[in-house]
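could you work out the structure for the sequence below:
(one chain, ligands or ions: 2)
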Amino acid sequence: MNLSRLLERLQSADSVCVLTGSGISAESGVPTFRGEDGLWSKFKPEELANFDAFIRNPSLVWEWYSYRKKVMKEVSPNPGHEALAALEHMVSDFTLVTQNVDNLHRRSGSSRVLELHGNIERSYCIDCGRFVRDVVIPVKPAAPTCEHCGGLIRPDVVWFGELLPQEIFTEAEEAARRADVFMCIGTSAVVYPAASLSLVAKDAGAFVAEINLERTDLSSRFDETILGRAGEVLPSLIIEFRLLKEAHP
Ligand code: BJW
Ligand code: ZN
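Numbering: from 1, shown residues only. Ligands and ions are numbered 1, 2, ... in the order given. Here you go, the predicted structure:
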């Protein structure tokens, strides 16, 4: 693993933006979306994470979310999340953008996280719009309904064909545009518009580095692909960055 080019750019960066995907939480035990293994790998994410699928079979979609909510509650942040929480204090302008809905960045101490695809802890009624904090999911095959109007409750996450929260996306785009260094971590970079943030940063002149177990669809557009586990690469990066900062304050 050669971190020297990225470290050199980080050292002179005033502004850093990071985009994470499910790969950063994989080492905590949260399954990724497009992995080979796992209980839900027989479904493509497009088949469950969309509104039509929810209306057709709300209990199946809730079964998936209920399983994931349970996993996400039981796991803990890993050294990759912790390294990013530390990086926030080492750069004057730092923005953490995530596609994940699992709260692990926040739980690891990151103070400001732009969540592009919502948050699994929130739910709302599709008819009256009321938010429900601790949704009670009935034993299958039922889905939760609203106690005010009887409408179906859905998780407050962004499914295919739905708009991302616009203010949050705009903030993420602005951070990508002003970044000197952009890091794209643990994402297959196939889901848009999240994946476009790396390209926005690149077009605006940032040094774009990817950290992933394998090359992705966008690797050829980036300045550097560092192959490895986020939970190992990121802590090494922080240690070396800290040493460099101490040597050249
Ligand atoms: C490790 C590791 C370790 C493992 N260390 N690495 C432009 C072009 C083409 C299509 C579109 C486009 N614009 C819009 C679209 C359509 C669509 C889209 O992108 N489709 C493509 C799939 C073709 N996008 C949308 O519909 C979006 N909305 C939208 O564009 O609105 C505008 C609009 C509205 C109406 C009409 C038309 C336009 C919404 C996208 C919402 C995505 N939602 C989900 C579910 C969120 C809720 C939930 O969590 O349940 O988001 S789907 C799923 O994919 C989830 C993820 O956030 C997202 C990305 O997945 P991610 O995180 O990259 O996971 P994986 O599994 O794919 O990759 C894991 C990676 O980690 C791998 O690379 C591993 O190697 C790596 N890894 N372990 C480092 N230890
Ligand atoms: Zn309601």
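
which neighbouring elements make contact with the helix or strand of the chain with the lowest mean pLDDT?
When each helix and strand of the chain is scored by mean pLDDT, DSSP states H and E, helix 45-48 comes last, with a mean of 90. Applying 3 or more Cβ pairs under 8 Å, 6 or more residues apart in numbering; DSSP states H and E, we find helix 45-48 packed against helix 58-74. Where C-beta positions appear, they are placed from N, C-alpha and C, glycine not excepted.

and the helix it packs on, which residues are buried?
58-66, 68-69, 71-72 (16 or more other Cβ atoms under 10 Å).

returning to that earlier point: name the residues that touch the least confident helix or strand of the chain?
Helix 45-48 has contacts (Cβ atoms under 8 Å, 6 or more residues apart in numbering) with F33, R34, W40, A53, L60, V61, W64, F160.

for that helix, C-alpha coordinates in CSV please.
The C-alpha trace of helix 45-48 is given here as CSV (Å, rounded to 0.1, in the frame of the first residue of the first chain):
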residue,chain,number,x,y,z
PRO,A,45,-30.8,-3.7,-4.4
GLU,A,46,-32.9,-2.2,-7.2
GLU,A,47,-35.6,-4.9,-6.5
LEU,A,48,-36.0,-3.9,-2.8
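
roughly how far out does it sit from the chain middle?
Computed by Cα atoms, centre = their mean, to the nearest Å, the chain-centroid distance of helix 45-48 equals 17 Å.

right, and the helix or strand after that helix?
Using DSSP states H and E, the helix or strand that directly follows helix 45-48 along the chain is helix 51-56.

neighbouring contacts of that following helix?
Residues contacting helix 51-56 (Cβ under 8 Å, 6+ apart): E47, L60, V61, L152, R154, W159, G161, E162.

run the last query once more with 6 Å
E47, V61, W159 (Cβ atoms under 6 Å, 6 or more residues apart in numbering).

any chance of those residues in TSV, with distance to ligand 1 too?
Shown next, in TSV, are the contacts of helix 51-56 (distance: Cβ to the nearest ligand atom, whole Å):
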residue	distance to ligand 1
E47	11
V61	9
W159	6
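
of those residues, which is the nearest to ligand 2?
Checking the contacts of helix 51-56 against ligand 2 by Cβ to the ion gives V61 as the nearest, at 17.7 Å.

measure N103 to ligand 2 for me?
Per Cβ to the ion, to the nearest Å, N103 is found 25 Å from ligand 2.

tally up the residues packed near the residue in the chain that ligand 1 sits nearest to, please.
Nearest residue of the chain to ligand 1: G23, at 2.3 Å (Cβ to the nearest ligand atom). Other residues near G23 come to 26 when the count uses other Cβ atoms under 10 Å.

was I right to think it contacts C184?
No: between G23 and C184 no contact is recorded; they are 10.2 Å apart, counting by Cβ atoms under 6 Å.

could you find the closest non-adjacent residue to R133?
With Cβ to Cβ, 6 or more residues apart in numbering as the measure, R122 is the residue that lies nearest to R133, at 6.9 Å, once sequence neighbours are left out.

I'd say the one you found and P155 touch.
No: using Cβ under 6 Å as the test, R122 is too far from P155 to be in contact (7.4 Å).

so the two - more neighbours on which side?
P155 (26 against 15).
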